[in-house]
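Asks: Fold the following and give me the result.
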Amino acid sequence: MNNKLSVTRKKLWKFSSLYLMMLPGIAYLIINNYMPMYGLTIAFKDVNFAKGIWGSDWNGMDNFKFLLSSSDAYVITRNTILYNAAFIVIGLIVGVGTAILLNEIKNKLAVKFYQSVLLLPYLISMVLVSYLVYSLLSVNVGLMNKTILPALGIDPISWYNEPKFWPYILVIVNLWKGIGFSCVVYLAAIIGIDKDYYEAAMLDGASKWQQILKITIPLITPIVVMMTLLSIGRIFYSDFGLFYQVPMNSGALFSTTNVIDTYVFRALMQLGDIGMSAAAGLYQSVVGFVLVILSNYTVRRINKDNALF
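Replies: Predicted coordinates:
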């Protein structure tokens with residue numbers, strides 16, 4: 001027993017510097033991710049600020065009923081899932097494709113320039129993005145109505161009153177803004193591939209397309225799966241700025257732009273019920289957690305090496 005304690009102490013002392021380096025990260029995780037879980041009780045209470053959170057009356061599942069029994073429940077759930085599914089699939093294809101194209105550029109200065117150009121939109125505030133979109137789609141002064149559509153012989157369109165166009169607009173805006181980040185991740189994975197694989201393939205007469213299909217894509221598959229699983233975990237969440245700021249909160253577009261996050265925000269602004277808002281957040285988190293577990297289980301059954309855990 002004493003020998004085991006002695007060995008343990010030696011190991012602790014040996015790696016003490018590493019443990020000290022871990023402390024800030026652990027502290028951040030506890031403060032930012034675990035302590036706020038205390039607030040989950042709000043989802044099951046009729047919050048009364050005069051009584052405080054603990055003193056407020058319990059109301060069971062009433063906060064969840066507001067979200068699930070609403071006449072808009074089907075529309076906001078459909079929009080949230082379909083938009084995020086489109087973002088995941090299109091973002092994956094374009095992100096991997098762009099990373100492969102960048103990897104083929106041999107001029108390092110050019111690669112850095114293109115990476116910077118692609119990453120810049122990711123760093124721009126969604127409020128600024130909304131005004132950039134407005135400068136394109138404004139009825140009176142927008143580039144589309146004033147220049148592009150007249151050149152094509154098409155009548156001006158009242159973009160902010162036509163819901164049918166917005167599924168495409170939102171997908172394009174999300175892709176433009178987020179492609180830089182995903183591209184950098186996939187490019188880092190591609191750069192890490194041993195060049196010997198490509199040299200051997202070239203000696204065997206493999207074309208560039210065959211090298212991509214047989215070497216690049218299979219070797220970055222674990223990263224692709226990991227990024228996809230993480231995205232699936234947030235499939236019930238939405239980029240609030242994208243769905244609220246970019247359509248300029250236009251009521252005429254709610255049928256195609258209203259998602260769970262914007263619906264809860266508008267309800268919270270009107271009713272001031274933070275219990276309902278907390279219930280919606282918990283609902284999104286639980287569903288996301290279940291989807292990650294099921295998706296990871298499916299991947300694990302197909303190929304254990306590609307699973308997240």
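Asks: what does the model give N2 for pLDDT?
Replies: Per-residue confidence at N2 stands at 59 (pLDDT).
Asks: Pull the contacting residues for A73.
Replies: Applying CB atoms under 8 Å, 6 or more residues apart in numbering to A73 gives the contacts L67. In short, each C-beta sits where N, CA and C put it, glycine included.
Asks: Go ahead and flag the most central residue of the chain.
Replies: Among the residues of the chain, the one closest to the centroid is S231, at 5.5 Å (CA atoms, centre = their mean).
Asks: The spatially closest residue to that one that is not a sequence neighbour: neighbouring residues, count only.
Replies: Spatial nearest neighbour of S231, chain neighbours left out: I88 (4.7 Å); criterion: CB to CB, 6 or more residues apart in numbering. For I88, the count of nearby residues is 17 (other CB atoms under 10 Å).
Asks: quick revisit: I'd say the residue nearest to the centre of the chain and N84 touch.
Replies: Yes - checked against CB atoms under 8 Å, the pair S231 and N84 is within contact range at 7.5 Å.
Asks: show me where the stretch 151-300 of the chain has helices.
Replies: Counting by DSSP state H, counting those that start in this stretch, residue ranges of the helices within the stretch 151-300 of the chain are 166-191, 195-203, 208-211, 217-232, 240-244, 254-257, 260-271, 274-302.
Asks: Put together JSON lines for these, with distance to K112 and mean pLDDT on each row.
Replies: As requested, the helices of the stretch 151-300 of the chain are arranged in JSON lines below (distance: least, CB to CB, whole Å; pLDDT from 0 to 100):
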{"stretch": "helix 166-191", "distance to K112": "11", "mean pLDDT": "92"}
{"stretch": "helix 195-203", "distance to K112": "20", "mean pLDDT": "89"}
{"stretch": "helix 208-211", "distance to K112": "22", "mean pLDDT": "90"}
{"stretch": "helix 217-232", "distance to K112": "21", "mean pLDDT": "89"}
{"stretch": "helix 240-244", "distance to K112": "28", "mean pLDDT": "92"}
{"stretch": "helix 254-257", "distance to K112": "36", "mean pLDDT": "91"}
{"stretch": "helix 260-271", "distance to K112": "35", "mean pLDDT": "81"}
{"stretch": "helix 274-302", "distance to K112": "34", "mean pLDDT": "83"}
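Asks: Can you say which of those helices is nearest to G39?
Replies: helix 274-302 (6.5 Å; CB to CB).
Asks: Tell me where the stretch 1-150 of the chain has strands.
Replies: For the stretch 1-150 of the chain, the strands identified by DSSP state E, counting those that start in this stretch occupy 45-46, 57-58, in order along the chain.
Asks: so which of those strands is the most packed in?
Replies: Ranked by mean neighbour count, the strands of the stretch 1-150 of the chain are led by strand 45-46 with a mean of 18 (mean count of other CB atoms under 10 Å).
Asks: partners of that strand, with directions?
Replies: As defined by DSSP bridges, the strand partners of strand 45-46 come to strand 57-58 (antiparallel).
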